[in-house]
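1. my questions are about this predicted structure, shown below with the sequence.
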Amino acid sequence: MFKKTLIVVLVLLAAFLTVGAASADTLAGRGWVKAEGNGTAVISGNVATMILRGTGSLWYKDEGDPDRPFIRGYRDLIRHPNGWVEVVGFDGIFHLDAADQVTVKMTGKDIKLLAAGKGRVILRGRGHYVYGKGDHVLGRGDWGPDDLTVDFGE
């Protein structure tokens, strides 16, 4: 079981590291957004897949059907009474599939994110992003010190 999970994660990670181009196999027919940078990224919505890499502070909250994320590279998880889970000492990968009504917030450096499905990303700091649907790029740009909102999906 562990070996299969590790192989799947490594394949997803390899696909994710090629942030420059959207993968038709992974993203076909779905809205998607990719971003890289330093600062804060908040992703919310109904995601078919979400992968976050980086170093810093990470929090997540699942208000839909309970979903279990794969998280590698942290010291501790703190479950708060308000439903938020704090990932203490995050320096790794956060991966979640088929999640509804989920919100993930990361503040830190070397942030790389990929989200596909339907939702919203708010970016603040310094970096760049691209979003689209299927094989089509609908927009791209840079994010800076003011909140930038990118809606993806239908």
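-> On my side now, so go ahead. This is a predicted model, so every value here is computed, not measured. Residues are numbered from 1 along each chain as shown.
2. could you use CA atoms for every contact and neighbour count after this?
-> Noted.
3. give me the element the nearest residue to His128 once chain neighbours are set aside is part of.
-> Sequence neighbours aside, Asp142 is the residue nearest to His128 in space, at 4.1 Å (criterion: C-alpha to C-alpha, 6 or more residues apart in numbering). Using DSSP states H and E, Asp142 falls within strand 136-143.
4. and the strand ranked longest in the chain, which strands flank it?
-> In terms of residue count, the longest strand belonging to the chain (DSSP state E) is strand 85-133. Using DSSP bridges, strand 85-133 pairs in its sheet with strand 31-62 (antiparallel), strand 70-72 (antiparallel), strand 76-79 (antiparallel), strand 136-143 (antiparallel), strand 148-152 (antiparallel).
5. confidence score at Val85?
-> As predicted, Val85 sits at a pLDDT of 96.
6. wait, what's in contact with it?
-> Counting by C-alpha atoms under 8 Å, 6 or more residues apart in numbering, Val85 makes contact with Trp59, Tyr60, Lys61, Leu77, Ile78, Arg79.
7. so what pairs up with Val85 in the strands?
-> According to DSSP bridges, beta-bridge pairing links Val85 with Tyr60, Arg79.
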